[in-house]
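> Take a look and give me a structure for this.
(2 chains)
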Amino acid sequence: MTLYYDKICGLCEKYLSGGGKMFLDRQISAHLNKNPELLEPTDKTDLAKWCKISGKLILGEDKSQKLANEILSS
Amino acid sequence: MIIVVIKVHKLKYYISGLTVMVILMFLIGSVYAQGMSTDGTEDESSLILYFHIAQVIIAIIVAKFVIDVIEATGQKDVFIFIPIAMGIFIVSAVIRYLPHLSNFSEADAELYNLILNSLAMVSMGVSFYKWRKMLIST
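Purely as a prediction, here's the structure:
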């Protein structure tokens, strides 16, 4: 796994304890259509967008927005 | 605890919508049953049938929504118990209507219905507990 992936995974875990990795893997493989290992900093705009959309379903709007912002500023 | 989680995640809108649907289906069933009966009184078995059709439809809608959430977020471990509970509700609705279709006793149907509904509630409780536990860190 890349350093960048680990960093984003840490962010997701902060919001979804125990489920952050599964959540991130799902966003990368289903929405960015790539292997989670191949996540790059250039994907962060799309990743933040999808984390916000999907995160809203289980985290609520405020927290998913915060997560998206943290991904964008990472 | 469940109410707090629902409020936090604005699921209250879904729950309210579903409650309104149950009431509407029940009312429609009631009006239809009155129209169908020869003496103008409510036909009890038709009422029960329509109520359980409403239960089945709502269970399918909720299960579909939660499966979509699982697909979008990958949180199978947390939310899988809700579609399971909805499946149990469907079986329970079918069992509850059995005495009107066969020689199945009313008392047995009530008992199985109660047991299955309790199981479904526990199953949903497990999901809500896991969900809350997952979110507690934030």
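> residues from chain A in reach of chain B?
By CB under 8 Å from any CB of the partner chain, the residues of chain A that approach chain B are A:14-19, A:22-23, A:25-27, A:30, A:53-55, A:57-61, A:63. (Each C-beta comes from the backbone N, C-alpha and C, glycine too.)
> from those, which would you call buried?
A:15-16, A:19, A:22-23, A:25-27, A:54-55, A:57-60, A:63 (16 or more other CB atoms under 10 Å in any protein chain shown).
> Could you single out the nearest of the residues you listed to residue A:43?
The shortest distance between residue A:43 and any of those, using CB to CB, involves residue A:27 and amounts to 9.9 Å.
> The closest one against residue A:50, yeah?
Yes - using CB atoms under 8 Å as the test, residue A:27 is close enough to residue A:50 to be in contact (4.7 Å).
> longest helix of chain A?
Taking residue count as the measure and DSSP state H as the definition, the longest helix of chain A comes out as helix A:44-59.
> Packing partners of it?
For helix A:44-59, the contact count by 3 or more CB pairs under 8 Å, 6 or more residues apart in numbering or on different chains; DSSP states H and E identifies helix A:3-15, helix A:20-26, helix A:61-72, helix B:44-73, helix B:106-135 as packing neighbours.
> Residue B:89 and residue B:121 touch, don't they?
No - Residue B:89 is beyond contact range of residue B:121, at 9.5 Å (criterion: CB under 8 Å).
> which one of those two has more residues nearby?
Looking at residue B:89 and residue B:121 with other CB atoms under 10 Å in any protein chain shown, you find the greater number of neighbours at residue B:89, namely 25 against 13.
> do you know how far the residue nearest to residue B:87 when sequence neighbours are not counted is from residue B:96?
Counting by CB to CB, 6 or more residues apart in numbering or on different chains, the nearest residue to residue B:87 once its immediate chain neighbours are dropped is residue B:63, at 7.1 Å. If you measure residue B:63 against residue B:96 using CB to CB, to the nearest Å, the figure is 18 Å.
> Closest approach to chain A from chain B, which residue is it?
With distances taken as CB to the nearest CB, chain B approaches chain A most closely at residue B:74, which sits 3.1 Å away.
> Tell me who's in contact with the closest residue in space to that residue that isn't next to it in sequence.
Nearest non-adjacent residue to residue B:74, counting by CB to CB, 6+ apart: residue A:26, 3.1 Å away. Shown in contact with residue A:26 (CB atoms under 8 Å, 6 or more residues apart in numbering or on different chains): A:54, B:72, B:73, B:74.
> which one of those sits closest to residue B:136?
Relative to residue B:136, the closest of the contacts of residue A:26 is residue B:73; by CB to CB it sits at 17.1 Å.
> and residue A:11, how many neighbours?
Neighbours around residue A:11, by other CB under 10 Å: 18.
> Pull up the gap between it and chain B, please.
As for residue A:11, its distance to chain B is 11 Å (criterion: CB to the nearest CB, to the nearest Å).
> Report the contact partners of that residue.
In this structure, residue A:11 makes contact with A:20, A:67, A:70, A:71, A:74, judged by CB under 8 Å, 6+ apart.
> show me where pLDDT drops low in chain A?
Low-confidence regions of chain A, defined by pLDDT under 70, span residues A:1.
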